[in-house]
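J.: No letters, just coordinates:
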């Protein structure tokens, strides 16, 4: 009578609580259970210790499968550990991509063969592979594949997508979402990363450590790191921002690795994943973390033009000088107040500010501590300086970007549109 997988599992479960010692030596060892099973149903008496199952000859119809990141054992498989000189074995009763249940003898301390067969639930540590007897229903079963994440358009921020073994390209995700899969033992084979922010001059560069290859070359935003169609796992990743983007953000990322799970977050070119351990990356998360804004100097200069911005949730930035940017672009941070000095004195300047909920404020650069955005400004020179210089200025406005230069008390910004100023540049030009 041909044996089915279900009958093999039933036989294994029926031995729970029994002690089987086929060779009358060293008690009920793990191999005794396997010898009893194979001899009773297939007339085969396996030799040696459990680890020898990985290497000895097999009867006709038996197959041996070595573990890989995407291998799924089947019920009725005889598992093999080769972690020490003896190894360990048992009969698998169920399996997922992250764990399996089994019936085993001598599977827990004191390992002296004194205990009966028991049921266990285990992960894949020390798991060499399996022997699969010729069950009449032992055709390979395709592993359950992970669903693709909901598609999202590439948009402002850090975007990324992974190519997963047996699945292909997953959909784009961003800002801390998982790309890849967990619980399926499927390696990432390639990754694409895109940094998008039209208001910041910067990009992203990254490279992959590929199984059997090592570190590949650095690639740029939107290019492929890794391989497709070659069944080569990505084992580690390094990624970093470039240009102005690196001044504003840390790029942080976290890898999910075979056998280890989620590793610690790393950032800015550090290695996520492992090298030299033959462990594939299976998923990744990435996010941008804004750095504290450092701009300008603590005190205004005693000569020429100095100015600074007060930003929402940031407070006062440092003083910058002629034609330099005060404030930020690309970070969506509202300015709330402007301060301008000529020759170290605020008295040489008059600023009128249009502020959210208040309208125009005369001889004031805005507000502090009221959470009200600065929307427009008018700037004039005083104390005779207006006869020697023109003061010209340009503001960067939410949803509009840099607006036209104006001068000598003309309005820069908007009113009635609820749009905040985010940055300003000012120049003092001799007449």
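T.: Yep, it's here. Computed from a predicted model, the values in this text were never measured in an experiment.
J.: Kindly state the domain boundaries assigned to the protein.
T.: Domain assignment for the chain by automatic domain parsing gives 5-132, 157-290, 305-430.
J.: can I get those in JSON lines with mean pLDDT and distance to residue 299?
T.: For every residue, glycine as well, the C-beta is placed using N, CA and C. Listed next are the domains of the chain as JSON lines, based on pLDDT from 0 to 100; distance: least, CB to CB, whole Å:
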{"stretch": "domain 5-132", "mean pLDDT": "94", "distance to residue 299": "59"}
{"stretch": "domain 157-290", "mean pLDDT": "95", "distance to residue 299": "23"}
{"stretch": "domain 305-430", "mean pLDDT": "96", "distance to residue 299": "7"}
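J.: With mean neighbour count and distance to residue 146 added, can I get the ones you listed in TSV?
T.: As requested, those are exported to TSV (neighbours: other CB atoms under 10 Å; distance: least, CB to CB, whole Å):
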stretch	mean neighbour count	distance to residue 146
domain 5-132	17	9
domain 157-290	19	4
domain 305-430	18	34
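J.: Please convert those to a markdown table, extending it with distance to residue 296.
T.: Shown next, in a markdown table, are the domains of the chain (distance: least, CB to CB, whole Å):
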| stretch | distance to residue 296 |
| --- | --- |
| domain 5-132 | 51 |
| domain 157-290 | 14 |
| domain 305-430 | 3 |
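J.: Can you say which of the ones you listed is nearest to residue 150?
T.: domain 157-290 (6.7 Å; CB to CB).
J.: next one: that closest one to chain centre, how far?
T.: Centroid separation for domain 157-290 versus its chain: 6 Å, with CA atoms, centre = their mean, to the nearest Å.
J.: From one end of it to the other, what's the distance?
T.: Terminal residues of domain 157-290 are spaced 11 Å apart (CA to CA, to the nearest Å).
J.: Compare the domains of the chain and give me the one nearest residue 297.
T.: domain 305-430 (5.0 Å).
J.: Secondary structure element holding the residue sitting nearest the centre point of the chain?
T.: When CA atoms, centre = their mean is applied to the chain, the residue found nearest the centroid is residue 285 (1.8 Å). Using DSSP states H and E, residue 285 maps to strand 281-290.
J.: now do residue 24
T.: Short version, using DSSP H and E: residue 24 is in no helix or strand.
J.: re the thing from before, direction included, what does the strand holding residue 285 pair against?
T.: If you go by DSSP bridges, strand 281-290 pairs up with strand 179-180 (antiparallel), strand 249-257 (antiparallel).
J.: what residues are up against residue 371?
T.: 312, 336 (CB atoms under 8 Å, 6 or more residues apart in numbering).
J.: That one and residue 419: what is the separation?
T.: Distance check for residue 371 against residue 419: by CB to CB, to the nearest Å, it reads 16 Å.
J.: what do you get for residue 180?
T.: Taking CB to CB, one finds residue 180 at 40 Å from residue 419.
J.: Dump the strands paired with strand 281-290 to a markdown table, plus distance to residue 240.
T.: Below are the strands paired with strand 281-290 laid out as a markdown table (distance: least, CB to CB, whole Å):
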| stretch | distance to residue 240 |
| --- | --- |
| strand 179-180 | 18 |
| strand 249-257 | 6 |
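J.: hey, where'd the strands end up in the stretch 301-431 of the chain?
T.: 305-311, 315-316, 320-321, 325-327, 335-342, 349-355, 359-361, 374-381, 389-397, 401-402, 406-407, 411-413, 421-430 (DSSP state E, counting those that start in this stretch).
J.: Same check on the stretch 1-150 of the chain?
T.: Under DSSP E, counting those that start in this stretch, the stretch 1-150 of the chain gives strands at 63-66, 78-81, 88-95, 100-104, 118-122, 127-132.
J.: need these in JSON lines with distance to residue 244, can you?
T.: What follows is those, written out as JSON lines (distance: least, CB to CB, whole Å):
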{"stretch": "strand 63-66", "distance to residue 244": "49"}
{"stretch": "strand 78-81", "distance to residue 244": "53"}
{"stretch": "strand 88-95", "distance to residue 244": "50"}
{"stretch": "strand 100-104", "distance to residue 244": "51"}
{"stretch": "strand 118-122", "distance to residue 244": "51"}
{"stretch": "strand 127-132", "distance to residue 244": "48"}
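J.: for the helix ranked longest in the chain, the distance to its chain's centre please.
T.: When the chain is parsed with DSSP state H, its longest helix is helix 30-42. Mean-position distance between helix 30-42 and its chain equals 46 Å (CA atoms, centre = their mean).
J.: ok, now stretch 108-128?
T.: 35 Å.
J.: cool, and stretch 89-98?
T.: That offset, for stretch 89-98, works out to 30 Å (CA atoms, centre = their mean).
J.: One more: stretch 319-338?
T.: The answer for stretch 319-338 is 31 Å, by CA atoms, centre = their mean.
J.: let's have the chain start at 25 instead
T.: Will do, 25 is the new start, and the previous item becomes stretch 343-362.
J.: still on that earlier bit, now tabulate the strands of the stretch 325-455 of the chain in CSV and tack on distance to residue 277.
T.: Compiled in CSV, the strands of the stretch 325-455 of the chain are given as follows (distance: least, CB to CB, whole Å):
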stretch, distance to residue 277
strand 329-335, 28
strand 339-340, 30
strand 344-345, 33
strand 349-351, 29
strand 359-366, 32
strand 373-379, 40
strand 383-385, 45
strand 398-405, 36
strand 413-421, 30
strand 425-426, 30
strand 430-431, 43
strand 435-437, 38
strand 445-454, 28
